[in-house]
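# Predicted model and sequence follow; I will ask about them next.
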Amino acid sequence: RRFGRMGEGDSEQYRGGSEVLHDWLQIECLETNLHGLQNKMAIQVSLCLFSTDYYYEYTECDSVGSRWRVAIPHILGTCSALPTPTRGTDCSFSCAVGEFLEMSAQQCTPCAAGSYSLGSGVRFDQWDTIPAGFTSLATYMDPGPSGEESQACNSSSWTPQGVYLESSRDECTVSLVYAVHLEQQGSVSFSYQYPDNNIFFEFYVQNEQCQEMAQTDDQKWIKLTTNGEWDTHTVNLKSGTNILYWRTTGILVGGKMVKPVLLRNIQIEGVAYTSECFPCRPGWFSSSPGSSSCQPCPRNTSSNKGAASCTSCPDTQYSHEGWSQCKERPPCSEKDYFQIHTACDSEGKTQVMYRWVEPRICEENVTGAVALPPTGEREACPPCNPGYYNTNDSTCFPCPPGTHSDGTSVCEECPAGTEPVLGYEYKWWNVLPSNMKTSCFNVGNSKCDDMNGWEVAGDHIRSGAGGSDNDYLILNLHVPGFKLPTSLAGMTGTEFGRITFVFETMCSADCELYFMMVKSTTVVESWEGSKERQSYTHIMTRNASVSYTWAFQRTNQAQDVRRYISDVVILYSVSVTNVQDGVASACRACALLSQSSQRSGSCIPCPAGFYIDRDTNRCQECPPNTYLSGHHTYGEDACLPCGPGSKSNKEHSRCYSDCSFSHTEHNRTLTFDLSSLSPVASLTIGPSFTSKGTKYLHVFNVSLCGHQGKMAAVCTDNVTDLANKDMGSDSTQFVNSVDSFICQSTIIPCLHNDYRTVPQPLLFSPSLPVSLSGATVDSDLDGINARPELFSDNSKGIPDINFFYRSTQATGSCERGRSAVMTIRCNPEKMDHGQLTVPSACPAGTCDGCTFHFLWESGSACPHCTQDDYHQIEGACKGGVQVTLSVWNEPKLCTKGMSLPAKSSAPCEAIALWLKVGVGGGAFLAVLLVSLTFYFWKKNKRLEYKYSRLVMSANKECELPVADSCALAEGEEPEDDVVYSHKPSLLGKLRAIANKREGDSSESVQLKSSQSERWVWG
């Protein structure tokens, strides 16, 4: 047993002393009871005469902190007469580092050479296998109801890699667990590499009741590290049982493999004592007694376990630092050397040379070996970089302040009316500039011997050979700060400077180039695999000292051999603008105050929103609704027009929308007031699932108009419990945050397991668009297409308004930067704040990763109401009064604006004129019809009367009179006496029909006339 009560989960050799003591006491009791039987049977038990027959242990500590030392035989029951138990040291007793507690004398003794001790601590620094007491547990972050997904994580675990422990690279949650019992307050510390924020890494402690101990967020969530660098994390521990958890969970949202977390040198302080020293592991040694640690064997040496010194390898073999054995040297090949350019000599000449990759492991003088190529011919050195001048000894020096040079000529002063353009511009690489440095980090050893990470090569600088394929090759550029030139000093924009570099990568494996700003631990951009020659620009929005870093790794897989040494990254040029104490390659025009000032050449800053007139070198204000481009103020063309639907602020530093919009079509002007949509809105998309089923959500924060162009949407990277955070509080409490019109975050839902509920952090995503290009009903603006086909057709008849946003910051996948289109649609059914959606065909909001599309439907997006949006209804005339009512057209597609006119009334008559005319005309027609009816009725009566007289006269004479002899009575009108007709009249026909119905009441009589023959109907 090495540690008293050290490991709850240790193997048999670490069992607690109380357990062993209990077994021994049982044996002693049994021996006492059987003592008489032993005498009778003459069974002889040997005496424990030698100290090698037994060992010492301490009993459990009692309530007053004391304990006893007891002797326990190595094999129970094999000997008797053990030493009498004696009082032991106090429970809080421990030895100093480099010492162990010698139990027979109960005194601290220095460790022998080849071993070490931490006194009251324990260290784990050998990771050929997972040490005893450690357990790797893999669980799925979001298991299904039946737990079927857990099978996907059976192969996930922490993997030992010799000098460090590597976490899982997949989406499973893998925990490294270790239990330790401390007799006093102590601590745990460990070294780690955590370069990728696409993997969650947390450390927490539980007690023996599986209750999580109180920890701050900084203690629980591990901070990111710069690629290739190791950091140390320390947490204090309480006395008693402590269960330690190192937990990782990868998030493969974009299908990109995550970089694993690396652990090494886990050290725990606070154990009661150590009864023996740890032997040095193979490949390490401890030359002096009383050591607290072991040292790795130097290169080309090796050692066995517990070595006090290292043994040199034979000439035909080699070893790296910390190796336990030597290996045969392979024949040299093209992968074992690299090319460099020498510095310029006094004659201005340089030449190509070749060097062996260090450490050199190959053998030249064997069959099949490749010899080192000869040195190249001497060539003329490249010119100095802009802002530098060449001396007689071919050395480049920076130009004095106020002067400039293109690198090929002497430094000259800027002419009157101009000022030097300060910055860095490196495009010739004969020597590494003084403000740049290169290094190499090996994943295991944090260094690559004496190898440079990058090598200059005349017209470019390229990645070096490194020590192994998974080394980080580092190039660093330090910028002391930024200073705007005098002509730009009055501007209120957020650009203080920009860095632009041209690069190219040529890879056959999974190489990756990182561009980052040191001290932020955030990768600005990264590129995987081979990339053609291209340019990248990053804008600085804060004035502070910064170090830009390029880190190149050929492969992130641990390798002992060099396979991809030909995989390189080439950096052709690097330029940084507005550098404080920089050098000048040219001069720029500046504003002058007066003619006298122009003669003296002094410059003044223009006020915000002013440009420098080309003719007079005076400050002139930009025209309305234009803005200054940011890093250029010379000439009126520096004032760029704002896009449609936007206007410039007072300082002409940006264009913004005041959330009002007007559009004219079909001789009708539509006016929109979108101020109710101005507050920041959030849209949660998902859940989505990765290839292994990990659930995640996309969250977008949207600021449609901002605050006079100031971006109001904030996305944060906080590794705390989101449920307990007040998102409206001061944003400085968060680790990282971005301000934009639209920003994106990815949320991993909380997970629950047997240990605890873990709040997952909010993944940081770079902001999307940062400037408003304009607002219009058109579907294209500034090279951005709204793609209206992604959403359902607009059937309301009110045109959609498209807000276009753009970021000029290029990314590895978006050469023109990211952009977004927010389509505003009138929908009275979506009241108040409305509803934000993304295209169903692009559930993540983007179909290509560069342009994001959103649809915002709201009743507040309808135009102002006008007189065309309602109609009037007139009521009936009641009591001489008529009421007129106004009602909205259905459906109502407007808001605010004109209100409905109030109900109105007007005097009216009971009978309308048209009704009077109609009634009068009807009455006239009725009177006329009655008069005609009466006239014809009277006339008919006369005819009946005359006919009846004629019939009566005929009956008296028994014959009808001859027509010629018929006489007329005196006073009768002849035309009424006889009716002649060839055909019966209409009236006659009616009378004939009536007579037939009456039988013989009438008859026809033929009358003869001298003129003609006629029929008379009576």
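It's in.
# Show me what counts as buried in stretch 414-426.
Cys414, Gly417, Thr418, Glu419, Pro420, Val421, Leu422, Gly423, Tyr424, Glu425, Tyr426 (16 or more other C-beta atoms under 10 Å). Heads up, the C-betas are built off the backbone N, CA and C, glycines and all.
# Using TSV, lay out these together with distance to Ile361 and secondary structure.
Output for those, formatted as TSV (distance: C-beta to C-beta, whole Å; DSSP: H, G, I helix; E, B strand; the rest coil):
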residue	distance to Ile361	secondary structure
Cys414	55	coil
Gly417	63	coil
Thr418	57	strand
Glu419	55	strand
Pro420	51	strand
Val421	49	strand
Leu422	47	strand
Gly423	43	strand
Tyr424	38	strand
Glu425	40	strand
Tyr426	34	strand
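# and these, which two are the farthest apart?
Gly417 and Tyr426 (28.8 Å; C-beta to C-beta).
# any idea how far the longest helix along the chain is from the chain center?
Secondary structure of the chain per DSSP state H: the longest helix is helix 913-957. Chain-centre distance of helix 913-957: 102 Å, with C-alpha atoms, centre = their mean, to the nearest Å.
# what is the mean pLDDT for it?
Average pLDDT, helix 913-957: 84.
# ditto for stretch 646-656
Throughout stretch 646-656, pLDDT has a mean value of 85.
# So which elements touch whichever strand or helix holds Gln744?
Using DSSP states H and E, Gln744 falls within strand 742-747. Helices and strands touching strand 742-747, as assessed by 3 or more C-beta pairs under 8 Å, 6 or more residues apart in numbering; DSSP states H and E, comprise strand 695-702, strand 713-717, strand 762-763, strand 851-858.
# Comparing these, which yields the minimum mean pLDDT?
strand 762-763 (a mean of 32).
# can I have the next helix or strand along the chain from it written out in PDB, keeping just the CAs?
Counting by DSSP H and E, the next helix or strand C-terminal to strand 762-763 is strand 771-776. C-alpha atoms of strand 771-776 as PDB (Å, rounded to 0.1, in the frame of the first residue of the first chain):
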ATOM      1  CA  SER A 771     -23.800  47.100 -42.300                       C
ATOM      2  CA  LEU A 772     -27.100  47.900 -43.900                       C
ATOM      3  CA  SER A 773     -27.000  48.000 -47.600                       C
ATOM      4  CA  GLY A 774     -30.500  49.300 -48.000                       C
ATOM      5  CA  ALA A 775     -34.200  48.500 -48.000                       C
ATOM      6  CA  THR A 776     -36.300  48.000 -51.100                       C
END
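# what's the following helix or strand after the helix or strand harbouring Ser189?
Using DSSP H and E, Ser189 maps to strand 186-193. Downstream of strand 186-193, the first helix or strand assigned by DSSP H and E is strand 199-206.
# Which residues in that following strand does the neighbour count mark as buried?
Ile199, Phe200, Phe201, Glu202, Phe203, Tyr204, Val205, Gln206.
# And for stretch 155-169?
156-169.
# now swap in stretch 71-88 and tell me
Here stretch 71-88 shows Ala71, Ile72, Pro73, Cys79, Leu82, Gly88 as buried, counting by 16+ other C-beta under 10 Å.
# Ok, stretch 58-73 next?
Tyr58, Thr59, Cys61, Arg67, Arg69, Val70, Ala71, Ile72, Pro73.
# Quick one: end-to-end distance for that stretch.
Start-to-end span of stretch 58-73 (C-alpha to C-alpha, to the nearest Å) is 14 Å.
# ok, now which ones touch Arg618?
By C-beta atoms under 8 Å, 6 or more residues apart in numbering, the residues touching Arg618 are Ala591, Leu592, Ile612.
# swap in Val352?
Gln339, Ile340, His341, Thr342, Thr375, Gly376.
# Let me see the backbone angles for the second one.
Okay, so that is Ile340. phi -140, psi 160 (degrees, to the nearest 10).
# In this structure it contacts Trp356, no?
No: the pair Ile340 and Trp356 fails to qualify as a contact (C-beta atoms under 8 Å) at a distance of 11.5 Å.
# residues in contact with Gln809?
Gln809 neighbours (C-beta under 8 Å, 6+ apart): Thr537, His538, Ile539, Pro766, Val770, Gly817, Arg818.
# whoops, Phe552 was the one
Phe552 sits in contact with Gly453, Ser463, Tyr472, Leu473, Thr505, Cys511, Glu512, Leu513, Tyr514, Val569, where contact means C-beta under 8 Å, 6+ apart.
# And the strands in the stretch 651-800 of the chain?
Counting by DSSP state E, counting those that start in this stretch, the stretch 651-800 of the chain has strands at residues 655-656, 660-665, 668-673, 681-689, 695-702, 713-717, 736-740, 742-747, 751-752, 757-758, 762-763, 771-776, 780-781, 784-785.
# Tell me which of those strands lies nearest to Glu909.
Across the strands of the stretch 651-800 of the chain, closest to Glu909 is strand 668-673 (C-beta to C-beta), at 37.6 Å.
# Give the other helices and strands that that closest one contacts.
So strand 668-673, by 3+ C-beta pairs under 8 Å, 6+ apart, packs with strand 660-665, strand 864-865, strand 895-897.
# re the thing from before, and the helices and strands packed on strand 742-747, which is most packed in?
strand 851-858 (a mean of 24; mean count of other C-beta atoms under 10 Å).
# What angle do strand 681-689 and that strand make with each other?
Per axes from the mean of the first three to the mean of the last three C-alpha atoms, to 10 degrees, the angle that strand 851-858 makes with strand 681-689 is 120 degrees.
# and strand 851-858, C-alpha only, in PDB?
Extracted as PDB, the C-alpha positions of strand 851-858 are listed here (Å, rounded to 0.1, in the frame of the first residue of the first chain):
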ATOM      1  CA  THR A 851     -26.400  34.400 -47.300                       C
ATOM      2  CA  PHE A 852     -29.100  34.100 -44.600                       C
ATOM      3  CA  HIS A 853     -32.800  34.500 -45.400                       C
ATOM      4  CA  PHE A 854     -35.500  35.500 -43.000                       C
ATOM      5  CA  LEU A 855     -39.200  36.300 -43.300                       C
ATOM      6  CA  TRP A 856     -40.900  38.600 -40.700                       C
ATOM      7  CA  GLU A 857     -44.600  38.600 -41.000                       C
ATOM      8  CA  SER A 858     -46.500  41.200 -38.900                       C
END
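# the inter-axis angle of that strand versus strand 695-702?
70 degrees.
# And strand 851-858, what does it pack against?
Against strand 851-858 (3+ C-beta pairs under 8 Å, 6+ apart) you get strand 695-702, strand 742-747, strand 819-826, strand 835-837.
# export those to JSON lines and tack on distance to Ala214?
JSON lines is the format used below for the helices and strands packed on strand 851-858 (distance: least, C-beta to C-beta, whole Å):
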{"stretch": "strand 695-702", "distance to Ala214": "29"}
{"stretch": "strand 742-747", "distance to Ala214": "25"}
{"stretch": "strand 819-826", "distance to Ala214": "42"}
{"stretch": "strand 835-837", "distance to Ala214": "39"}
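# among the ones you listed, which is nearest Gly402?
Nearest of the helices and strands packed on strand 851-858 (C-beta to C-beta): strand 819-826, 41.9 Å.
# now the closest residue to Pro382 other than its chain neighbours: how far from Asp780?
In space, Pro382 comes closest to Trp428 once its chain neighbours are excluded; the distance is 4.1 Å by C-beta to C-beta, 6 or more residues apart in numbering. Separation of Trp428 from Asp780 (C-beta to C-beta, to the nearest Å) stands at 43 Å.
# between these two, which one's more packed in?
Using other C-beta atoms under 10 Å as the criterion, Trp428 and Asp780 rank with Trp428 on top: 21 against 13.
# The more buried one reaches Gly387, doesn't it?
No: in this structure, Trp428 is not within contact of Gly387 by C-beta under 8 Å, at 11.6 Å.
# between these two, what contacts are shared?
With C-beta under 8 Å, 6+ apart as the test, Trp428 and Gly387 both reach Gly407.
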